[in-house]
Structure formats: structure tokens, C-alpha cells
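1. sequence first, predicted model second:
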Protein chains: 2
Amino acid sequence: MSVTAAKGFTAAGIAAGIKESGHPDLALVVNDGPRRAAAGVFTSNRVKAAPVLWSEQVLKGGEVTAVVLNSGGANACTGPQGFQDTHATAEKAAEVLSGHSAGEIAVASTGLIGLRLPMDKLLPGIEQAAKELSEHGGEKAAIAIKTTDTVHKTAVAGGEGWTVGGMAKGAGMLAPGLATMLVVLTTDADVEAPALDTALRAATRTTFDRVDSDGCMSTNDTVLLLASGASGITPAQAEFDQAVQSVCADLARQLIGDAEGASKDIRIEVINAATEEDAVEVGRSIARNNLLKCAIHGEDPNWGRVLSAIGTTKAAFEPDLLNVAINDVWVCRNGSVGEDRDLVDMRYREVRITADLAAGGESAVIWANDLTAEYVHENSAYSS
Amino acid sequence: MSVTAAKGFTAAGIAAGIKESGHPDLALVVNDGPRRAAAGVFTSNRVKAAPVLWSEQVLKGGEVTAVVLNSGGANACTGPQGFQDTHATAEKAAEVLSGHSAGEIAVASTGLIGLRLPMDKLLPGIEQAAKELSEHGGEKAAIAIKTTDTVHKTAVAGGEGWTVGGMAKGAGMLAPGLATMLVVLTTDADVEAPALDTALRAATRTTFDRVDSDGCMSTNDTVLLLASGASGITPAQAEFDQAVQSVCADLARQLIGDAEGASKDIRIEVINAATEEDAVEVGRSIARNNLLKCAIHGEDPNWGRVLSAIGTTKAAFEPDLLNVAINDVWVCRNGSVGEDRDLVDMRYREVRITADLAAGGESAVIWANDLTAEYVHENSAYSS
């Protein structure tokens, strides 16, 4: 499972003392080759954390030997010193994994914004993690990147003789353009960097980019895909794309299922849109409507709030032709009252909203969470 | 005070039985002239309630004799029958105020979406309200339009011999392009419809349009300005504009101060923006960031979440030049750690966030609220 499911990878997860709690907070993932191809997708937030600025540069080379990930601090909004800290992290990893340069080491961080990382703990932690690298270290690595996650997240897929595996963290700030979500995917398929990039971008576009837990976009989102080529097999691109898509979709679903303070996972499907862009715009608008998110929390099939959210978009639709189903009961037909709302059973964690724009043949699915008092509690107290 | 502060207006507020609670739920405001000029601004939500569709048509004539307002039901997403109900409401008011046509009667509704209004209670209510019309009825009218408002809101301003007064309701769904916010302003200044329109649009643009309590835009927002001309005075346009602006700003501030479940009023000032549009875009992005709203609730000066929100906009700025103050302490300078966050005193209800984009000379102020467990509670339980 996780990042060591594919051949050619070792990983470790340790407690370096970055988190005051003493919980695991440092992960190291190493690609032992023979190939070291890589692709990455990063936050579209214009305020980017130091590790994002660093790793974006690393990925331009198309080769990544190792990834250092830490929880317990985002190293965002930390100025030139913060960037130096990331650089020193990569240098240290290059040193302990002798024979490689810092320019092949990606770095990812998650935690509070605006605080320097305790480098006196992080750098020795890299030495310790390197000593613990193992072909069975994937689970420990997945555990070490948790912040407010209640469980660690891993997934695996693949084809005949080759595998794609991965790990993810992210429980808050899940939003389009990714979120404080760190994801590392590994594969032993023999795939070059451009093909990895194609697969990763196609997969994130319809998975992580359509997860919108709370509308907030992080400064640190990072999704990496590393290929070792250790299987010696080069799958057809379509088959490879499908495996990457499958692992991303699995991880994205796990992220929504463990979002901070959530009690419901909301699957919003927009159908019969004029364009896919319209479908995504409407889905996001519904996903971000605080009043609707509260109603879902209260198990109240308040379809008026769905219509109100649709009405704020620029998508093609006529108000009098809109239909909305909640858990398959079409409570709104033709922009007005439809089936009896008392027929809607909302007792279960997953809630399905279907918005029919009656304007074309395109569709999209966006995942969101409800808004709860627990979300407020977790996020009012987080930094103190 | 309220809509009867200006000469030439009478008003009433009664309990017609629309609300199951038996609380006042129907208001009538009548312009006794001699002039009956009017201007209106409505929600920019594309899903518009029947009374909005009706009143938009009425306002095109530039004359309004009376406004019927009800709480206890929004008459939104109610189809052709809902529109008929609004039409019947205007017809009834025209009948009881003999000598006028339904085409001069504006209608405004607020409450739950997707339910028909109990016309068997509303229509007799109009008869009763007409009997209770009084030059001192402004307060009762302001009380009758409340939904989850804890207090009624009124304001007054004016010049030598003339007055602008008004009432407002709206405690949730306060957002740009207005919100379920109903506002009626009246003046005895002798001003024609085009000048009223100019004054009203200028005022709402920088007041109600910059109130963003929870990012949700209503289907029912309505702001009307009626002029009786009863003072016989025609103020200079600039002076009149200023009075309308003053009443709108006063009411907008009261709306934020009474937003559903809020414990903090957040004044977000964006300064040194390249354009006013940039300043507004950044202000709204900060205003809508759920993580930041939670942090403010927890009295946590989490400036990283401010930067994270700024980073999602298209405004002109360089991340390394951003400065952020919370309650006048510059906790972020040059995109990084600034003054000690422990210096920030957040005990009071009003919290001031200043975001310096260092990109120009324009600015804007947006008002928002924090996100609280009480907000979640009120909005999970509202329709049941």
C-alpha cells in the first residue's frame, strides 16, 4: 500500500519533534530507480509557501530522487528565511542520500502559516528518517504527514505487473486548485516525465480539483507522481492514466470523508449543463453555500438554497427549467416545488444533490462537506 | 424615525397570521404625495422571487404609491402561482388605497423559499394594515418585516427642511449584490425618479453591496427609495446623495451588527490597491474565507489565512509586499511575520483587518461577520 506499493521505492515516517505533541511529523520517500521521472501539480494560490516555490523549480527538471514532507508547520509566509530553510532541507536530504543533488529533492510542508520551521529538529530528523527507509515504510510515511486528519489515507491501483500507489493528507482547506493537501503517488511503471505529467493533470482535474470542503485554498498544496521504472513495463498511456485517475479518486474521496468537523459528505452532480465549465461553476457555487451546508448538516432538504446558489452563477440556464433532486427525490421541478420534501431520507453520511440545468449535455461532480459547529470549533482553536 | 420620518408618508405593521408564531408579519408603506417618485435596486441573483420580478416592472414606471412587505414567506421558487399571488397582493393594496392601480404598488417578501404564501391571511391583512396607517407607523412597519432579526433597524438623515428615513431587515443571507435584505427609504425632498435612482445606486454600491455576512446571495433583496416631495424642497444632488448614503451606511452597519449567530463584526479595509475593483475583490475574498471567519471567532489573529485569501484573487499585488494589520497591529509585513501577534487585542465585537496591497492608491471597505456554532445552529434548524 501507500508509496511503497510500487517497486523501487523506500519510505520512512518518524517523529522529529516538529510537532509539540511528539506525534510523527517527518516523512521521506525515496525513488531507488532505475528511472527517476516525476511530475507535480501545485496550489494555484498566488501566495505560495516556500516548499511549493522550491518544488516547482525541482519539477521543471522532470527528475525527483526523494521527497521530504513535514507536518507541524507550513513554512508559508516566512520570507527569504523560510525559503532558505526549504533549501537547507533539500541539501540535507541530498547529503544523507549521497550521490544526489538538492535540485532533485522535492519538499512539502503542512501546518500553521507564518511560523519558521524548527530546523534544529527537522535536519537531524532527515538523518534519522534516512536510516529507517524501508520497502515497507509507506504506512509510516502516510501517518507522519497527518495534521488534523483522523486517519491516514493510502490507495493503490495498477495493471499486469505494474502498480500505482499513493498517500494523502488534508482535512481542512480542501478546495479547488487543490488544498492543504499533500499527495505523493509512486509507480514502478516505466514512464517518462511528460507522460506522467499528462496522467497527473488529467487525474487531478476531475478529482482533487473537484473536492471543495470549505472553499478555502491553501498556500501549500502539492501533488507529486514519481516513477521508478522498476517493473520494466511501459503501459499504454490510457491504461496508465486510468490507474492514476483511480488512485486520485480514491484518495480524494477519503479526504472528503475525513474533512475537519464534517458530519456529511455531499456529492453534487450537475447534469445537462451547456458546457463542462458551467457544470463545474454551478457545482462549486452549491458546494460553497454556507446556508445550504448548514441545512444539509441539519438533514433539511432545503432545495431553495440550491436554487439560490445556482442563481449566483453565469452558467447557461433558465430559472423556470431548473430541477433539483436530493437523495434522488426531485424536490424541485421547473424552478418550483416538486416532490414532497418529506420523502427525502438524509440520515446517512453521504448526501447526493443533483442539479439539472436543462441547458445541454455536459456534467460534473463536485464533492463537499456540511458546515458544523465542530468545524467552527476546530478552526477557531487551531493556532492557539 | 423609519419610513415615516419624512413628511407625506404613512405606514402600518400588523400580524396577519402569515407567521405561525403570531408575530407581526405584514407592513404597508404609503406615499401620500404630492409626488410619488421612486427608484429601486434588486438582487442580482438570477433566480428571483416573484415579488422581485413584479417590483422590477413597477419601478420601471418611476412611480410607487405604496409598498406591501411581508415576512414569513419569500414567495421565491413558487412558479406562476407565486407570481399570481404577488399580483393579487398588489391588486388588493390598490383596491384598499382607492384611486391607484396595481402597477404603482411594489411588493417585497422575505422568509422561506419554495412555499406559497397563505393568501387567505395576507389579503385580509392588507385591509387591516390600511386601516392602521399612521404618520407614526414607521416603527411598527420596521418590526413587521423582521425574520431572524433580533432588533428592528431604522435610520434617518437629511438637510434643512427635508428628511430621508428608512427601515431595513436582514439577518442572514447578507451578501454582495444585496442579500435577504429588505429596505425601504422615504424622503419628503422634492426629487424626480432619475435623481432618486442616481442617489440610490451610488449609495448601495458602497454600503449594502459591501456587506458580506455569509457569502450567500438571496433571491429577494429589495431596496426602494420613495419621494413624496412634501417638503417642497429640492436639495442639491450632492447633498441629497450624501443623505441617502448616510442612511444606507447606518442601516448596513446595523445589519452586520445583527447578523445570524455572529459574535464579531469584521471591518475589512483594503488599501493601496491598483483599482477599486481590486480592493473590493480582495475584501470579498477575505470576507468569505471560512477558516479566517472561524479564527476571528476564536479571537485568533491568524493573518496567514488573510494572505491565503488574498492569494486566491486576480488583484494586482506581489506576495512579498503584502502587509496585514489586525486591530491596527501590523502582524504581517512584506508577506512575512511582522509585529508580535500577542499585541492584538480581539476582545471587542468589532475587529478591523487592514490589507495593504502595495500596488496603487485605491481602497474599499467590506463588512463581514465571524463564523460561529450559533450560525450553524440557526441555519441547520431554520426550516424545520
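-> Structure's in. What do you need? Numbers count the residues shown, from 1 in each chain, chains lettered A, B, ... in the order given.

2. OK, contacts around the nearest residue to residue A:185 once chain neighbours are set aside?
-> Among residues not flanking residue A:185 along the chain, residue A:166 sits closest, at 3.9 Å (C-beta to C-beta, 6 or more residues apart in numbering or on different chains). The way it works is simple: take the backbone N, C-alpha and C, and place the C-beta from them, glycine included. Under the criterion of C-beta atoms under 8 Å, 6 or more residues apart in numbering or on different chains, the neighbours of residue A:166 are A:2, A:3, A:154, A:155, A:156, A:183, A:184, A:185, A:186, A:247, A:248, A:251.

3. was I right about the last one contacting residue A:168?
-> Yes - using C-beta atoms under 8 Å, residue A:251 and residue A:168 qualify as a contacting pair, with a distance of 4.2 Å.

4. who touches both of those two?
-> Common neighbours of residue A:251 and residue A:168 (criterion: C-beta under 8 Å, 6+ apart): A:153, A:154, A:155, A:183.

5. which parts of the stretch 151-300 of chain A are strands?
-> A:153-159, A:162-169, A:182-187, A:211-212, A:222-227, A:265-273 (DSSP state E, counting those that start in this stretch).

6. show me what the lowest-mean-pLDDT helix or strand in chain A is packed up against.
-> The helix or strand with the lowest mean pLDDT-type score in chain A, counting by mean pLDDT, DSSP states H and E, is helix A:373-381 (a mean of 84). With contacts defined as 3 or more C-beta pairs under 8 Å, 6 or more residues apart in numbering or on different chains; DSSP states H and E, the packing partners of helix A:373-381 are helix B:290-297, helix B:373-381.

7. contact partners of it?
-> With contacts defined as C-beta under 8 Å, 6+ apart, helix A:373-381 is touched by A:148, A:172, A:214, A:260-263, A:369, B:290-291, B:294-295, B:297-298, B:300, B:371-373, B:375-377.

8. which intervals of chain A have sub-threshold pLDDT?
-> Per-residue confidence of chain A (counting by pLDDT under 70) places the weak regions at A:171-179, A:382-384.

9. flag every buried residue along stretch A:218-238.
-> A:218-231, A:233, A:235 (16 or more other C-beta atoms under 10 Å in any protein chain shown).

10. looking at the residues you listed, spot the one nearest chain B.
-> Closest to chain B out of the buried residues of stretch A:218-238 is residue A:219 (5.4 Å), distances taken as C-beta to the nearest C-beta.

11. residues in contact with the closest one?
-> Taking C-beta under 8 Å, 6+ apart as the criterion, residue A:219 is in contact with A:43, A:45, A:47-49, A:52, A:74, A:76-77, A:113, A:180, B:304, B:307-308, B:311.

12. distance of the closest residue in space to residue A:237 that isn't next to it in sequence from residue A:206?
-> For residue A:237, ignoring the flanking residues on the chain, the nearest one in space by C-beta to C-beta, 6+ apart is residue A:195 at 5.9 Å. Remark: distance between residue A:195 and residue A:206 (C-beta to C-beta, to the nearest Å) = 18 Å.

13. pick out whichever of those two has more residues nearby.
-> residue A:195 (19 against 16; other C-beta atoms under 10 Å in any protein chain shown).

14. was I right about the more buried one contacting residue A:240?
-> Yes - because the distance of 7.0 Å satisfies C-beta under 8 Å, residue A:195 is recorded as touching residue A:240.

15. hang on, the earlier thing: which one of the strands of the stretch 151-300 of chain A is the most hemmed in?
-> For the strands of the stretch 151-300 of chain A, the largest average neighbour count (mean count of other C-beta atoms under 10 Å in any protein chain shown) is found in strand A:182-187, namely a mean of 31.

16. give me the helices and strands touching that strand, please.
-> Using 3+ C-beta pairs under 8 Å, 6+ apart as the contact criterion, the elements in contact with strand A:182-187 are strand A:26-31, strand A:66-70, strand A:162-169, strand A:222-227, helix A:237-257.

17. now these as CSV including distance to residue B:359?
-> CSV is the format used below for these (distance: least, C-beta to C-beta, whole Å):
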stretch, distance to residue B:359
strand A:26-31, 38
strand A:66-70, 33
strand A:162-169, 34
strand A:222-227, 28
helix A:237-257, 35
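
18. the residue nearest the centre of chain A: what's it in contact with?
-> In chain A, the centroid-proximal residue (C-alpha atoms, centre = their mean) is residue A:181; its distance is 4.3 Å. Each residue near residue A:181 by C-beta under 8 Å, 6+ apart is listed here: A:168, A:169, A:170, A:173, A:174, A:208, A:218, A:221, A:222, A:223, A:255.

19. rerun at 6 Å
-> With contacts defined as C-beta atoms under 6 Å, 6 or more residues apart in numbering or on different chains, residue A:181 is in contact with A:170, A:221.

20. picking up where we left off before, export the strands of the stretch 151-300 of chain A to CSV and tack on distance to residue B:69?
-> Formatted as CSV, the entries for those read as follows, by distance: least, C-beta to C-beta, whole Å:
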stretch, distance to residue B:69
strand A:153-159, 51
strand A:162-169, 51
strand A:182-187, 52
strand A:211-212, 36
strand A:222-227, 52
strand A:265-273, 34
